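Asks: structure for the following, please:
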Amino acid sequence: MSLSDFFTPIAIEKIIPAKGYFTSQLGSKIAYFSDNFPDLEQEAAIAIIGVQEDRFAVNNAGCALGPDYIREKLYRLNEGNYPTKIIDLGNIRQGDTVSDTYFALKTVVNELIKKDIIPVVLGGGQDLTYAQYMAYETLEQKVDLVIIDQAFDLDEDDNGSESIETTSASYLNRIFLHEPNYLFNFSNLGYQTYFASQESLRVMDKLYFDTTRLGELSGNVALAEPIIRNASMVSFDIGAIRSADAMGNANAGPNGFYGEEACQLARYAGFNDKLSSIGFYEFNPAYDNNGQTALLIAQMVWYFIDGVYNRKKDFPLNPKSQYLIYKTSLKHGEHELVFVKSKKTDRWWMQVPYPTGGSKNERFHLVPCGYEDYKTAVSGEMPDLWWRTYQKLN
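Replies: Next comes the predicted model:
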């Protein structure tokens with residue numbers, strides 16, 4: 001089966017203006033599926049994928065129509081100061097069942113990653129994150145998953161048992177319980193405490209996962225950069241943005257990230273040398289006012305693209321001459337902590353040792369961190385990130 005069999009062409013009459021695009025606009029640069037399916041063998045860096053699936057989107061029916069509204073705004077934005085190589089594969093059609101749609105998205109994302117093309121998924125419900133995650137199953141690598149969301153999508157049914165369906169409110173159950181387990185770390189950015197049960201918080205703590213409240217990031221979104229820098233894949237629920245900036249979501253609330261903060265998070269994702277896929281979910285044009293949310297998401301995708309084309313490729317430690325090594329001991333001397341700083345970008349990592357007999361090829365795991373983690377270690381205290389990572393390695 002060819003990947004083109006999963007897709008329907010883009011509805012040109014709904015997207016392209018009658019007079020066409022200026023040469024500076026992305027619409028004149030992107031190779032999109034209209035008459036002919038884009039050639040995946042060309043040197044494309046990014047592939048846009050629409051997924052018209054919302055059957056398991058809780059309280060947000062209609063978000064399947066979102067991708068083309070985003071495209072209409074995205075194509076009108078001007079290209080950055082770099083030559084873009086982007087393909088748009090069109091929309092994955094709804095399968096006979098939701099599982100059929102998951103299979104299609106999983107297959108497409110998997111093939112693109114193997115070709116070193118970054119999929120940008122435009123949903124559709126956030127339950128599609130499960131299919132995005134499943135694309136990594138055969139890639140023989142551990143996955144670091146970052147979800148930007150106002151809540152933890154761990155809902156259970158009324159009987160208290162795990163939900164059978166993978167809905168947008170419960171898909172994390174399927175990811176956490178999936179066998180074989182190839183999830184190394186999960187991080188949530190922007191959760192709001194009144195949407196998170198104490199039981200779900202205890203689960204996150206027990207599994208040594210990273211959770212960061214909206215209040216911690218408000219006005220200081222740079223704290224999210226090391227977390228996003230560690231991600232293999234990112235899933236962005238548009239409901240994490242406050243309704244004043246993104247009302248195009250049936251579950252939008254008064255609090256959330258500001259529009260410019262959402263764009264900054266998307267740019268951090270693009271900067272991440274390790275990240276190989278991203279999804280933007282839960283946009284519902286039925287609730288959008290004057291296309292504002294569609295334009296914001298288009299700008300977020302633009303910032304992601306800008307980040308990709310400005311990647312610094314500074315993951316340590318090659319060559320070692322481009323990095324500074326800092327060593328510090330804790331108050332009681334039980335551990336010597338080693339930090340690495342890039343001379344090129346001033347970004348930080350810390351070394352967390354593998355347990356004895358853990359990794360045959362490496363002695364330590366490098367985890368992105370911030371300068372604040374280094375200052376904590378210098379003061380003699382154990383950074384929480386170091387401890388959580390060490391527990392996961394063990």
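
Asks: domain assignment for this protein?
Replies: 3-308, 320-393 (automatic domain parsing).

Asks: any idea which helix or strand carries the residue nearest the centre of the chain?
Replies: With distances taken as Cα atoms, centre = their mean, residue 234 lies nearest the centre of the chain, 1.1 Å away. Per DSSP states H and E: residue 234 is located in strand 233-237.

Asks: can you name every helix or strand that the longest strand along the chain contacts?
Replies: Using DSSP state E, we find that the single longest strand of the chain is strand 183-191. Judged by 3 or more Cβ pairs under 8 Å, 6 or more residues apart in numbering; DSSP states H and E, the packing partners of strand 183-191 are strand 143-148, helix 171-177, strand 210-213, helix 214-217, helix 225-229, helix 384-393. In this view, the C-beta of every residue, glycine as well, is placed from N, C-alpha and C.

Asks: tell me the angle the first one makes with strand 233-237.
Replies: Interaxial angle of strand 143-148 relative to strand 233-237 (axes from the mean of the first three to the mean of the last three Cα atoms, to 10 degrees): 20 degrees.

Asks: what is the mean pLDDT for strand 143-148?
Replies: Here strand 143-148 scores 98 as its mean pLDDT.

Asks: likewise the third one?
Replies: With pLDDT averaged residue by residue, strand 210-213 scores 96.

Asks: picking that back up, wait, the residue nearest to the centre of the chain touches residue 280, no?
Replies: No - Residue 234 is beyond contact range of residue 280, at 9.2 Å (criterion: Cβ atoms under 8 Å).

Asks: which one of the helices and strands packed on strand 183-191 is the most hemmed in?
Replies: strand 143-148 (a mean of 25; mean count of other Cβ atoms under 10 Å).

Asks: mind listing the strands that one pairs with, and their directions?
Replies: strand 183-191 (parallel), strand 233-237 (parallel) (DSSP bridges).

Asks: and it, how far out from the chain's middle?
Replies: In terms of Cα atoms, centre = their mean, to the nearest Å, the gap separating the centre of strand 143-148 from the centre of its chain is 6 Å.

Asks: ditto for stretch 16-32
Replies: With Cα atoms, centre = their mean, you get 27 Å for stretch 16-32.

Asks: buried stuff in it?
Replies: For stretch 16-32, burial by neighbour count (16 or more other Cβ atoms under 10 Å) applies to 16, 21, 25, 26, 27, 29, 30, 31, 32.

Asks: list the contacts of residue 255.
Replies: 150, 192, 214, 242 (Cβ atoms under 8 Å, 6 or more residues apart in numbering).

Asks: I figured the second one hits residue 152, correct?
Replies: No - Residue 192 lies out of contact with residue 152 (Cβ under 8 Å); the separation is 10.5 Å.

Asks: the two: which is more packed in?
Replies: residue 152 (22 against 16; other Cβ atoms under 10 Å).

Asks: confirm that the more buried one sits in a helix.
Replies: No - using DSSP: H, G, I helix; E, B strand; the rest coil, the assignment for residue 152 is coil, not a helix.

Asks: so who does it touch?
Replies: Neighbours of residue 152 in contact, by Cβ under 8 Å, 6+ apart: 172, 188, 191, 195, 196, 197, 200, 204, 211.

Asks: which one is residue 193 nearest to, not counting chain neighbours?
Replies: Nearest non-adjacent residue to residue 193, counting by Cβ to Cβ, 6 or more residues apart in numbering: residue 213, 6.2 Å away.

Asks: could I get the contacts of residue 255 in TSV, plus columns for distance to residue 52?
Replies: What follows is those, written out as TSV (distance: Cβ to Cβ, whole Å):
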residue	distance to residue 52
150	24
192	29
214	30
242	27
